[in-house]
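1. quick one, structure for this:
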Amino acid sequence: MRIGREATPGRTHAALQAFPGRLEASAREARSAPRAGAPCALPDALLLPFLPPPRSLPIPARGPRTCPPMPLDSPAGVAACGRLGNRSWVREFVLLGIPGARGRERALLLLLAAVYAGALLGNALLLAAVGTAPRLRTPMYFFLGNLSVFDLGFCSTTVPKLLAYLSGRSPAISARGCAAQLFFYHFLGCTECLLYTVMAYDRFAAVCRPLRYAALLRPRACAALAAGTWLGGCAHAALLTALTFRLPYCGPAHVAYYFCDIPALLPLARGDAALARRVSFTNVGLLSLGCFALILASYTRIGVAVARMRSTQGRQRALSTCGAHVAAIACAYGPVIIIYLQRRPSPLLGAVVQILNNLVAPALNPLIYSLRNKDVKDALRALLPGRSPLRER
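-> Numbering: from 1, shown residues only. So this is what the prediction gives:
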């Protein structure tokens with residue numbers, strides 16, 4: 001049975017001769033991809049196997065805008081930026097540093113390096129004192145040791161990269177490094193806020209419930225509270241990091257800040273960042289305000305209890321211990337509330353407040369908790385070389 005016209009040897013020979021010409025014409029059409037500066041257009045997916053290995057492809061844009069060249073660094077490089085989903089064009093970000101700090105790099109480097117060294121030394125000594133002195137093995141000093149660990153990590157999340165940038169090294173940071181910096185910054189910051197709340201509860205139980213203090217804060221209960229702060233901070237940071245880096249970042253990759261934070265990264269995203277902005281504002285703002293409200297309620301009850309004390313010595317001891325905690329809370333919560341709840345962020349004000357929160361507060365905490373605390377000062381003296389351990393009284 002014959003279908004259509006009969007295939008003769010002459011027609012078959014002519015078709016075979018014309019096939020190379022048609023293939024070459026298809027390849028020429030595939031090579032005529034739009035270049036940088038031309039209107040956006042993406043070649044047909046069927047012609048992609050014929051493309052030569054170009055170094056750049058245009059990004060589809062809306063309207064009459066032109067396409068800047070973008071590197072083909074990923075397997076999805078042939079797709080448009082809006083079609084990338086959770087993949088990112090950007091492989092590294094460039095941190096622009098502290099706003100308005102140009103020409104002052106050397107002075108800032110010396111100042112911040114000295115404060116950073118003081119923060120590391122002070123928290124390390126306080127952690128060693130809490131861990132070695134038997135007199136300091138109480139719930140209050142257990143949480144204080146946790147706070148020293150978080151302060152060591154918190155200032156080390158952002159300051160080393162800032163010091164490297166101020167010393168003249170490259171300000172670039174990889175995309176994975178940027179995500180890690182964002183995660184650990186919010187993980188340690190959230191955990192520290194929760195830990196301050198737990199420490200306020202500890203002071204409330206010690207002052208207002210002294211007879212039940214040992215039952216309320218048993219070693220197992222203290223470990224559960226500390227683990228809860230770690231898990232809460234991890235969940236908080238994982239949510240914010242996932243929402244931030246699920247957006248496509250196609251460039252430019254210049255972060256107008258000295259570390260990777262959500263308010264500085266979201267303006268670079270090419271996708272809809274409304275959800276990430278809303279969740280970060282709500283999560284960070286409400287978490288800080290909620291913990292601060294609980295701390296304020298605890299210290300209101302403590303103030304009422306101290307006012308009713310008849311013993312002057314007991315009142316001074318309670319005010320000394322609680323005053324140090326209140327000062328540390330003011331250093332930690334004030335910058336967070338100022339940064340994330342301002343409607344029109346100021347880059348310079350935000351940078352100054354962040355440095356106070358990231359570096360100055362961790363450096364002040366060992367001084368705050370040790371200057372007026374005789375037990376901590378005795379434990380620190382015992383750590384000095386040539387000093388014999390103090391006898392337990």
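2. now A206: phi and psi?
-> A206 has phi and psi values of phi -70, psi -40 when expressed as degrees, to the nearest 10.
3. residues in contact with it?
-> Contact analysis of A206 by C-beta atoms under 8 Å, 6 or more residues apart in numbering lists 140, 213, 321. Bear in mind the C-beta positions are built from the backbone N, C-alpha and C, glycine included.
4. let's see it at 7 Å
-> Contacts here follow C-beta atoms under 7 Å, 6 or more residues apart in numbering; on that basis A206 touches Y213.
5. likewise for L239?
-> Residues in contact with L239 (C-beta under 7 Å, 6+ apart) are N283.
6. can you tell me the element it falls in?
-> In the assignment (DSSP states H and E), L239 maps to helix 219-245.
7. go through that helix and flag the buried ones.
-> For helix 219-245, burial by neighbour count (16 or more other C-beta atoms under 10 Å) applies to 222, 225-226, 229-230, 232-233, 236-237, 240-241, 243-245.
8. ok, now stretch 103-114?
-> For stretch 103-114, a neighbour-count test (16+ other C-beta under 10 Å) marks 108-109, 112 as buried.
9. lowest pLDDT pick from these?
-> Least confident of the buried residues of stretch 103-114 in the model: L108, at 89.
10. contacting residues for that one?
-> 101, 166.
11. and the gap between it and V149?
-> Noted for L108: a distance of 27 Å to V149, by C-beta to C-beta, to the nearest Å.
12. off-centre distance for the helix holding L239?
-> Centre-to-centre, helix 219-245 and its host chain are 14 Å apart (C-alpha atoms, centre = their mean, to the nearest Å).
13. after it comes which helix or strand?
-> Trace forward from helix 219-245 with DSSP H and E and the next one is strand 254-255.
14. name the strands paired with that next one and say parallel or antiparallel.
-> strand 92-95 (parallel) (DSSP bridges).
15. mean confidence score for the strand it pairs with?
-> Mean pLDDT, strand 92-95: 90.
16. quick one: name whatever helix or strand follows that strand.
-> Using DSSP H and E, the helix or strand that follows strand 92-95 towards the C-terminus is helix 105-132.
17. which SSE is immediately downstream of that following helix?
-> Helix 105-132 is succeeded, C-terminally, by helix 139-166 (DSSP H and E).
18. the residue nearest to G189 when sequence neighbours are not counted: neighbour count?
-> The spatial neighbour of G189 that comes closest, neighbours along the chain excluded (C-beta to C-beta, 6 or more residues apart in numbering), is F154 at 6.6 Å. With neighbours defined by other C-beta atoms under 10 Å, the count for F154 comes to 26.
19. need the contact list for F154.
-> 188-189, 192, 358, 362.
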